[in-house]
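# Below: sequence and its predicted model.
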Amino acid sequence: MNRTPARAWQALHDHIPDLKKLHLRDLFAAHPRRFEDCSLEAAGLLLDYSKNLLTPRTLELLLDLARAADLSGWIEKMFRGEKINVTENRAVLHTALRADARDRVLCDGRDVVPDIAAVRNACCRFAESVRNGERRGYTDKPFTDIVNIGIGGSDLGPAMACEALTPFGAPHLRMHFVSNVDGTHISETLKNLQPDTSLFIIASKTFTTLETMTNARTARQWFIQKSGSPEHVAAHFAAVSTNREAVRAFGIDPASMFGFWDWVGGRYSVWSAIGLPVMLAIGERNFRDFLSGAHAMDGHFRSAPFERNIPVLLALIGILYRNGFGCQTHAILPYDQYLRRLPAYIQQLDMESNGKHVTRSGTRCEAATGPVIWGAPGTDGQHAFFQLIHQGSTLIPADFLAPAASLNPVGLHHTLLLANFFAQTEALMNGRTEEEVRAGLAAGNMSPSDMDFQAPHRVFDGNRPTNSIMFKQLDPRTLGALIAMYEHKVFTQGIIWDICSFDQWGVELGKQLAQAIIPELDGPDPVATHDSSTRGLINTFKRWRSE
Ligand code: F6P
């Protein structure tokens with residue numbers, strides 16, 4: 001075994017030229033049981049990683065990396081509440097949010113499990129009273145529309161989960177999510193709402209985020225104007241935040257405020273009170289199933305040996321492509337319309353966590369870190385960008401996700417969807433040789449000269465790697481397990497790259513500069529500050545907006 005990270009990295013790099021000589025087609029031909037050997041199930045998910053460019057030796061070298069980075073030690077540190085968010089000196093305890101009620105999780109010597117249960121119970125009571133019509137608006141009508149105002153982790157998780165779990169949602173509640181500070185987002189949302197049946201949730205960990213606070217103020221102004229009195233605000237506005245004082249200052253009734261803790265990162269917060277819209281949509285029982293799916297994945301991640309550990313394997317395979325093959329991006333391709341927003345959710349989770357170039361101790365990373373995450377649902381993507389995945393000059397590893405059963409079993413739709421799901425990974429793996437292409441063209445009676453011209457365009461090299469992730473159906477439990485799987489994948493990669501996956505200093509500079517620019521946009525006078533580009537743009541904006 002390569003015991004130090006440096007040796008483990010070197011051994012992996014030394015092995016890459018051998019891998020580059022292989023073709024997935026040959027790996028399958030040589031090992032008829034490759035699927036059986038390279039697939040596993042946990043927490044209701046099946047991972048098939050057989051269509052990846054790896055051999056048993058590759059896996060061994062990747063596992064060495066995990067061992068050399070002391071992954072087991074770091075997993076325990078996370079679960080036990082040690083302050084592994086080193087730059088913010090915080091614990092990382094989103095796993096405690098879905099822990100068993102009998103577990104004890106200590107943070108600064110205090111068991112956080114009872115605190116979590118108390119907030120969760122309050123959230124559930126609130127959600128239930130809205131769902132069953134006990135809690136009503138100022139004209140005594142039940143609520144029909146829930147508007148979550150938040151951004152980033154305070155938006156993407158609840159928005160994605162509410163959409164993913166639409167069939168489990170209360171049909172009498174319409175969910176809306178407003179995130180962008182572009183006035184269009186809040187205006188278009190408010191246009192369709194009645195004040196007396198609308199409930200606003202202001203979701204912000206810090207309660208200082210410019211976009212959220214601006215949208216929240218606009219919503220409150222609209223509400224007061226439409227309802228005719230600020231007195232009604234208390235019944236129509238709730239808040240989810242760690243910043244009690246700012247919530248109070250905003251004028252939200254403390255009884256409608258739900259807290260969480262600094263050890264819950266924004267992009268890991270859907271399990272906390274930030275999940276309130278999800279509780280409102282799907283109800284307490286389903287929300288608890290959502291948590292239990294994540295908890296099952298936590299148990300698997302914490303206890304399964306690395307070679308049989310889904311998040312660890314996904315992380316190691318990702319590292320193989322990022323660091324061994326220089327891949328810059330990774331695609332998330334859910335074959336499920338309800339998971340339409342999963343790519344955007346994983347994008348924040350992965351890119352805000354591992355988009356770093358400095359190690360935990362502050363030196364520059366030697367290895368390339370987090371890839372660009374992107375994607376869209378199949379089969380839409382097939383008719384848009386799959387061309388590049390099949391025949392482009394860049395290798396793009398991808399995760400394909402699909403449920404075995406549809407929650408909308410109409411006609412042949414699901415069979416057709418899944419046929420495409422299976423066909424795409426097969427095509428990406430096998431490709432089509434020139435020989436096969438020529439045989440096909442010859443069968444169509446193409447002339448030899450046309451064939452010479454056409455054949456190169458129609459050859460697929462194949463050898464393009466994919467993971468397939470299947471589950472029986474998309475329900476709250478499965479969704480919980482899926483999200484937790486990606487959380488732990490990201491964690492594992494962060495540990496191996498030796499970066500702090502739990503801060504996000506990279507978003508600060510732009511925020512600060514925007515604050516400085518806001519007053520400069522007042523009035524018609526041109527500014528004389530900034531570089532020539534920024535100055536030119538600001539002054540053109542000022543001229544044009546007044547024309
Ligand atoms: O700007 C990035 C970020 O801090 C994310 O990490 C976070 O999810 C989002 O902004 C929203 O932050 P808050 O919940 O504090 O409004």
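Everything's here; your move.
# Quick one: name the residues of the protein near the ligand.
151-154, 204-206, 209, 212, 266-267, 352, 504, 507 (Cβ under 6 Å from any ligand atom). (Each C-beta comes from the backbone N, C-alpha and C, glycine too.)
# Tell me the buried residues within these.
Using 16 or more other Cβ atoms under 10 Å as the burial test, the residues of the chain next to the ligand include Ile151, Gly152, Gly153, Ser154, Ser204, Lys205, Thr209, Thr212, Gly266, Arg267, Glu352, Gln504 as buried.
# Could you tell me the phi and psi values at the nearest residue to the third one once chain neighbours are set aside?
To tie it back to what came earlier, the one meant is Gly153. Once flanking residues are discounted, Gly153 sits nearest to Gly266: 3.0 Å by Cβ to Cβ, 6 or more residues apart in numbering. The phi/psi pair for Gly266 (degrees, to the nearest 10) reads phi -50, psi -50.
# List the contacts of Gly266.
Applying Cβ atoms under 8 Å, 6 or more residues apart in numbering, we find Gly266 in contact with Gly152, Gly153, Ser154, Lys205, Gln504.
# for Trp222, same thing?
Trp222 makes contacts with Leu190, Pro195, as judged by Cβ under 8 Å, 6+ apart.
# Now name the helix or strand holding it.
If you go by DSSP states H and E, Trp222 is part of helix 210-227.
# Could I get the full set of helices for the stretch 201-350 of the chain?
210-227, 233-236, 244-250, 276-303, 310-319, 342-354 (DSSP state H, counting those that start in this stretch).
# Flag every buried residue along the second one.
Okay, so that is helix 233-236. Val233, Ala235, His236.
# what about Ile224, how many residues close to it?
Ile224: 16 surrounding residues under other Cβ atoms under 10 Å.
# Excluding covalently adjacent residues, which one is nearest to it?
In space, Ile224 is closest to Pro230, 5.1 Å off (Cβ to Cβ, 6+ apart).
# quick one: pLDDT of that neighbour?
Predicted confidence (pLDDT) for Pro230: 95.
# Could you check how far it is from Ser204?
21 Å (Cβ to Cβ, to the nearest Å).
# Give me the contact list for stretch 402-421.
Outside stretch 402-421, the residues that touch it by Cβ under 8 Å, 6+ apart are 167, 334-336, 338, 378-379, 382, 400, 468-474, 478.
# Buried ones among those?
334-336, 338, 378-379, 382, 400, 468-471, 474, 478.
# rewinding a little: which of the residues of the chain next to the ligand sits closest to Val112?
Nearest to Val112, judged by Cβ to Cβ, of those is Lys205 at 16.3 Å.
# pretty sure the closest one contacts Gly153?
Yes: using Cβ atoms under 8 Å, Lys205 is in contact with Gly153, at 7.2 Å.
# got any residues that touch both of the two?
Residues touching both Lys205 and Gly153 by Cβ under 8 Å, 6+ apart: Gly266, Ser269, Ile274.
# Below-threshold pLDDT in the stretch 1-150 of the chain: ranges please.
Scanning the stretch 1-150 of the chain for pLDDT under 70 picks out no residues.
# Against Cys365, how distant is Pro5?
12 Å.
# shared neighbours of these two, anything?
Asp498.
# more crowded one of these two?
Pro5 (19 against 13).
# Can you give me the separation between that one and the ligand?
28 Å (Cβ to the nearest ligand atom, to the nearest Å).
# can you tell me which residues contact the closest residue to that residue other than its chain neighbours?
Ranked by Cβ to Cβ, 6+ apart and with sequence neighbours excluded, the top spatial neighbour of Pro5 is Ala68, at 4.6 Å. Residues near Ala68 by Cβ under 8 Å, 6+ apart: Asn2, Arg3, Thr4, Pro5, Arg7, Ala8.
# if you set the cut-off to 7 Å instead, what comes out?
Applying Cβ atoms under 7 Å, 6 or more residues apart in numbering, we find Ala68 in contact with Asn2, Arg3, Thr4, Pro5, Ala8.
# quick one: which of the residues you listed is nearest to Leu537?
Taking Cβ to Cβ as the measure, Leu537 sits nearest to Pro5 out of these, at 44.5 Å.
# picking up where we left off before, now for the contacts of Gly266, which pair is the farthest apart?
Ser154 and Gln504 (13.2 Å).
# Can you give the strand pairings for the helix or strand harbouring Leu199, parallel or anti for each?
Using DSSP H and E, Leu199 maps to strand 198-203. Here strand 198-203 is paired, per DSSP bridges, with strand 145-149 (parallel), strand 237-241 (parallel).
# residues making contact with it?
Contacts to strand 198-203, defined as Cβ under 7 Å, 6+ apart, come from residues 130, 143, 145-150, 154, 212, 216, 219, 236-240, 252, 274, 276-277.
# so it versus helix 276-303, what angle?
Inter-element angle recorded for strand 198-203 and helix 276-303: 40 degrees (by axes from the mean of the first three to the mean of the last three Cα atoms, to 10 degrees).
# Show me what counts as buried in strand 198-203.
Residues Ser198, Leu199, Phe200, Ile201, Ile202, Ala203 are the ones in strand 198-203 that count as buried (16+ other Cβ under 10 Å).
# Now pLDDT too, for those residues, in JSON lines please.
Putting the buried residues of strand 198-203 into JSON lines (pLDDT from 0 to 100) gives the following:
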{"residue": "Ser198", "pLDDT": "98"}
{"residue": "Leu199", "pLDDT": "98"}
{"residue": "Phe200", "pLDDT": "98"}
{"residue": "Ile201", "pLDDT": "98"}
{"residue": "Ile202", "pLDDT": "98"}
{"residue": "Ala203", "pLDDT": "98"}
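# Convert stretch 500-517 to PDB, retaining C-alpha atoms only.
Extracted in PDB, the C-alpha atoms of stretch 500-517 (Å, rounded to 0.1, in the frame of the first residue of the first chain):
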ATOM      1  CA  CYS A 500     -12.000  22.800   3.400                       C
ATOM      2  CA  SER A 501     -15.200  21.900   1.700                       C
ATOM      3  CA  PHE A 502     -17.400  23.800   4.200                       C
ATOM      4  CA  ASP A 503     -16.500  27.500   3.700                       C
ATOM      5  CA  GLN A 504     -17.200  29.700   0.700                       C
ATOM      6  CA  TRP A 505     -14.800  32.600   0.800                       C
ATOM      7  CA  GLY A 506     -14.900  32.800  -3.000                       C
ATOM      8  CA  VAL A 507     -18.300  34.500  -3.000                       C
ATOM      9  CA  GLU A 508     -17.300  37.300  -0.700                       C
ATOM     10  CA  LEU A 509     -15.300  39.700  -2.900                       C
ATOM     11  CA  GLY A 510     -18.100  40.100  -5.500                       C
ATOM     12  CA  LYS A 511     -20.600  40.800  -2.700                       C
ATOM     13  CA  GLN A 512     -18.300  43.500  -1.200                       C
ATOM     14  CA  LEU A 513     -17.700  45.200  -4.500                       C
ATOM     15  CA  ALA A 514     -21.400  45.300  -5.200                       C
ATOM     16  CA  GLN A 515     -22.000  47.000  -1.900                       C
ATOM     17  CA  ALA A 516     -19.400  49.700  -2.800                       C
ATOM     18  CA  ILE A 517     -21.000  50.100  -6.300                       C
END
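# Against the ligand, how distant is Asp48?
Distance of Asp48 to the ligand, computed by Cβ to the nearest ligand atom: 32 Å.
# swap that for Arg98, please
Distance from Arg98 to the ligand, by Cβ to the nearest ligand atom: 19 Å.
# picking that back up, helix 210-227 and the strand holding Leu199, what's the angle between them?
Using the same axes, to 10 degrees: strand 198-203 against helix 210-227 is 160 degrees.
# Alright, that wraps it up for me.
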